[in-house]
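Engineer: I'll drop the sequence and a predicted model, then ask my questions.
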Amino acid sequence: MVLEVLEFGFLQRALIAGVSVAITSSVIGLFLVLRRNSLFGDALSHAAFGGIAIGLATNIYPLWTGLTLSILGALGITKLRQSAKIPADATVAILLSSGLALGILLISLSGGFTLDLFSFLFGSIMLVSVEDTLTILAMTGIILSIIILLYRQLMYITFDEEQARVSGLPISKLNYLFIILASVAVIVSMRLVGILLVSSLLVIPNVTALLFNKGFKKTALISVLISIFSVVVGISISYAANLAPAGTIVLISTAAFLIVLAVRHYSKNKHIIKKLEEAKS
Amino acid sequence: MQIIEVNRLSYAYSGTLVLSNISFTIEEGDILGIIGPNGAGKTTLFSCMLGLREDYTGTIRILGEEIKKKKKSKVFKSIGYIPQKNTVDQNFPATVEEIVSLGINITGKTSNEKIALALETVGLLAQKDRRVGELSGGQQQRVLIAKAMVNDPKLLILDEPATGIDLEMQNKFYSLLKKLNQENKITIIWSSHDLDAVNRLATSVACINRSMFFHGKAYEFFENPDLLKAYSESSMQAHMHLHSHTHRG
């Protein structure tokens, strides 16, 4: 039955694009979570929403206008953060609300919500075309190659920016490059879960992976596996039960988080009781 | 050979002169203890020496090279630095080995032998696969030293490295510094509040309180009761000044 289902082209494309997005978002998300920048993905996706509205209003391919506005907004708030010393969460709020406001304004001017806009808001993984799938694969390849190449530098900045600066790393350039990669990852992920749920893909698998208390590489690997699991199981369940794929994927990853959290809590308690009993005897 | 030469260094922050006309030199193989009360400008001095602040006046030469003239100087690769906050975020997901590997010349390939050697020097080779957040404060500090050591530095700069570590760990740590200086021939600059430790370990002393109060051989400072008394009085005044500002603030 599973093999028969996989003969459907749209499902094949959904799974290939989905797994690809799962890998990209969890790898980028690990750095965001560790830098205490979990909501940055939300800010980027909302800025992209403004850009997409521009694209739809001007008949330019919306993903490109979304990507452009997302990158410009992200670079702008990073500059603002550095020069005006405005707290990180406040700059995220500025980008998030401005992007959303721009989108709403343009939509109201062009006569209301369209089907296209809904697919950007809530994702449309079952509708990805061959071209979309190839674009997502190419973007994933580029993002992963750069991250693998700069893995140690990015980890160093995430661990301690001051020490990384002393060691001679070009911190500003690396930060700007990372922001551009994060913007691309958000745009790619939007196809899967939509603007409103993008940050869940960046954050939840990583927070779950952190509960395993492993090193950096293993945490990244666990996060990627959880993310792939959520996407594959989410797409399968949503197809079988005729549910919205984006919501199903995110709820599967939330369920994985809650299960790992509960198991960890139980095993921790068990360990403490065992230690106390050993000490008593 | 002079490792560092600081000449007439002054630095102002928010309209206040934090460092005024500081001059000193460090010879190869020295252990220089920098002492001074809180707010004396020790961390600012290190920031200038490490190229983190550039809007100072005066000159700083490291291994003969004026650092302000060459912004991306390779000379910084000869320096190992342990910051004042010398423990790591408990939740950061990295093994001891992964943290030490960050210290390797970042464009170069990681070398397992170099990492193992650095960890062996600080006595943590057996812990290399453990998560760094699981270690004690003293052990985490030694991980950071191994990270600084892995690049074969000529100079180690440590900003109040013994803060927040129990007495036993402090003694182990000072023995390690001595070993690094004597066996690995590393010049050490280290700021501290602990006069007793500086007396035991340092070959020379720089005593600053925004300006240079004393610079010379350690015994010249510690065997001179007048200097010691003047230092403790100046520290007390600085403490009271800081205290009154904190209360007003």
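Structural biologist: Done, it's in.
Engineer: Can you pull the residues of chain A lying near chain B?
Structural biologist: Residues of chain A lying near chain B by Cβ under 8 Å from any Cβ of the partner chain: A:34, A:152-153, A:155-156, A:159-160, A:162-169, A:209-210, A:213-219. Every residue, glycine included, has its C-beta placed from N, CA and C.
Engineer: which of these are buried?
Structural biologist: For the residues of chain A next to chain B, a burial check counting by 16 or more other Cβ atoms under 10 Å in any protein chain shown picks out A:34, A:152-153, A:155-156, A:159-160, A:163-169, A:209-210, A:214-216, A:218-219.
Engineer: Now, the residues of chain A next to chain B that are in helices?
Structural biologist: A:34, A:152-153, A:155-156, A:159, A:162-166, A:209-210, A:216-219 (DSSP state H).
Engineer: Could you confirm B:Trp7 falls within a helix?
Structural biologist: Actually, residue B:7 is Asn. It isn't Trp. No - B:Asn7 is assigned strand when assessed by DSSP: H, G, I helix; E, B strand; the rest coil, not a helix.
Engineer: quick one: it and chain A, what's the gap?
Structural biologist: 22 Å (Cβ to the nearest Cβ, to the nearest Å).
Engineer: And that residue, what's its pLDDT?
Structural biologist: If you check B:Asn7, the pLDDT there is 93.
Engineer: correct me, but it touches B:Cys48?
Structural biologist: No - applying Cβ atoms under 8 Å, one finds B:Asn7 not in contact with B:Cys48, separated by 11.9 Å.
Engineer: more crowded one of the two?
Structural biologist: Between B:Asn7 and B:Cys48, counting by other Cβ atoms under 10 Å in any protein chain shown, B:Cys48 is the more crowded of the two (25 against 14).
Engineer: Quick check: phi and psi at that one.
Structural biologist: B:Cys48 adopts backbone torsions of phi -70, psi -40, taken as degrees, to the nearest 10.
Engineer: The residue lying closest to it once chain neighbours are set aside: how many residues sit nearby?
Structural biologist: Among residues not flanking B:Cys48 along the chain, B:Tyr56 sits closest, at 5.1 Å (Cβ to Cβ, 6 or more residues apart in numbering or on different chains). For B:Tyr56, the count of nearby residues is 21 (other Cβ under 10 Å).
Engineer: what's B:Tyr56 in contact with, if anything?
Structural biologist: Going by Cβ atoms under 8 Å, 6 or more residues apart in numbering or on different chains, B:Tyr56 touches B:9-11, B:19, B:48.
Engineer: Return the member of those residues nearest to A:Ala182.
Structural biologist: Nearest to A:Ala182 among the contacts of B:Tyr56: B:Cys48, at 33.4 Å, using Cβ to Cβ.
Engineer: what's the one helix or strand A:Ser189 maps to packed up against?
Structural biologist: A:Ser189 is part of helix A:171-193, with elements assigned from DSSP states H and E. Judged by 3 or more Cβ pairs under 8 Å, 6 or more residues apart in numbering or on different chains; DSSP states H and E, the packing partners of helix A:171-193 are helix A:9-34, helix A:40-58, helix A:62-83, helix A:130-149, helix A:151-159, helix A:161-166, helix A:198-210, helix A:245-280.
Engineer: which phi and psi does B:Ser204 have?
Structural biologist: Main-chain dihedrals, B:Ser204, degrees, to the nearest 10: phi -140, psi 160.
Engineer: Just say helix, strand or coil for B:Gly58.
Structural biologist: Classification of B:Gly58 by three-state DSSP places it in strand.
Engineer: if I look at it, how far off is B:Ala206?
Structural biologist: Between B:Gly58 and B:Ala206 the computed distance is 15 Å (Cβ to Cβ, to the nearest Å).
Engineer: neighbour count winner among these two?
Structural biologist: Shown here are B:Gly58 and B:Ala206; by other Cβ under 10 Å, B:Ala206 has more neighbours (26 against 16).
Engineer: In the sheet, which residues pair with that one? Tell me.
Structural biologist: Using DSSP bridges, the beta-bridge partners of B:Ala206 come out as B:Ile34, B:His215.
Engineer: and it, how far is that from B:Leu227?
Structural biologist: For B:Ala206, the distance to B:Leu227 - Cβ to Cβ - is 13 Å.
Engineer: Near chain A, which residues of chain B are found?
Structural biologist: B:50-52, B:72, B:74, B:76-77, B:79, B:81, B:83, B:88, B:91-95, B:97-99, B:101-103, B:106, B:110, B:129, B:131, B:133-134.
Engineer: Now intersect those residues with the strands, please.
Structural biologist: Secondary structure defined by DSSP state E assigns B:79, B:81 of the residues of chain B next to chain A to strands.
Engineer: Derive a ChimeraX selection command for the buried subset of the residues of chain B next to chain A.
Structural biologist: Buried residues within these, by 16+ other Cβ under 10 Å, are selected in ChimeraX with:
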select /B:50,51,76,79,81,83,88,92,93,94,95,97,98,99,101,102,103,106,110,131
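Engineer: Where does the prediction get shaky in the chain?
Structural biologist: Since no chain was named, I'll use chain A. Within chain A, the stretches falling below the threshold (pLDDT under 70) are A:1-6, A:112-115.
Engineer: you looked at the wrong chain, it should be chain B
Structural biologist: Looking at chain B by pLDDT under 70, you get B:70-73, B:86, B:105-110, B:236-249.
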